[in-house]
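Student: would you be able to build a 3D model of this:
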Amino acid sequence: PEGCIDPALAYSATLDTPLGEIAVDLDAAAAPLASNLFVSFSRYGVYENAEIFTFDEVDLIVVGAFGDAGFQVEPIEAPADGTYPVGSVVMLTELGGGMTGQVAIVADAAAAELLATDATSPIIGSVTSGLDIIAEYEAVAPTTFRSLGSTVTEAAG
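Tutor: Take a look at the predicted model:
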């Protein structure tokens, strides 16, 4: 999508889930293309009623099931050290760098290790509150919920 983020501004987002809100600070400087995709998708309502997937083995939730979003992301947006800290918000890519539009939230070391096995997905931000909600999803995994949507706000950087 065409650029909709302003590099002079700071962006935050709220993912509204059936078990509560997850607040995120976006890092558009580290991953401008992937952050722009998330902001665009949020503003157009793509994450409203999107599936939220949970897994048995790791504390990781994935929001959205979109397939290939139709473009590549530069490998430079992947984390340089190949690691995904707990609390990272990641725009998932397919092998080869194709954007999927899915957003993953890393909630434990096992999830971080899983993503690091193919460290091509850019980190678009970090969770500022609501990380504990993911453990609630893990308690009923594997299952699928529906997102209530996402809201992006911007402020002077």
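Student: okay, CA-based contacts and neighbour counts for the rest of this
Tutor: Noted.
Student: elements contacting the longest helix anywhere in the chain?
Tutor: Across the chain, the longest stretch assigned as helix under DSSP state H is helix 32-43. Contacts defined by 3 or more CA pairs under 8 Å, 6 or more residues apart in numbering; DSSP states H and E place helix 32-43 against strand 144-156.
Student: what lies in contact with the strand it packs on?
Tutor: Strand 144-156 is contacted from outside by 8-18, 39, 42-43, 45-54, 63, using CA atoms under 8 Å, 6 or more residues apart in numbering.
Student: same question, stretch 20-35
Tutor: With contacts defined as CA under 8 Å, 6+ apart, stretch 20-35 is touched by 3, 5, 7, 10-16, 36, 73, 77-78, 89, 91, 122-131, 133.
Student: so after the longest helix of the chain, what's the next helix or strand?
Tutor: Past helix 32-43, further along toward the C-terminus, the next helix or strand under DSSP states H and E is strand 48-54.
Student: centre of the chain to that following strand, how far?
Tutor: On the basis of CA atoms, centre = their mean, to the nearest Å, strand 48-54 sits 12 Å off its chain's mean C-alpha point.
Student: ok, stretch 32-52 next?
Tutor: Using CA atoms, centre = their mean, the offset of stretch 32-52 from its chain centre is 9 Å.
Student: and that stretch, end to end?
Tutor: Start-to-end span of stretch 32-52 (CA to CA, to the nearest Å) is 24 Å.
Student: can you read off the pLDDT for G67?
Tutor: G67 is assigned a predicted lDDT (pLDDT) of 47.
Student: if we can go back for a sec, are any of the contacts of stretch 20-35 buried, and which?
Tutor: 5, 10-16, 36, 73, 77-78, 89, 91, 122-127, 130-131, 133 (16 or more other CA atoms under 10 Å).
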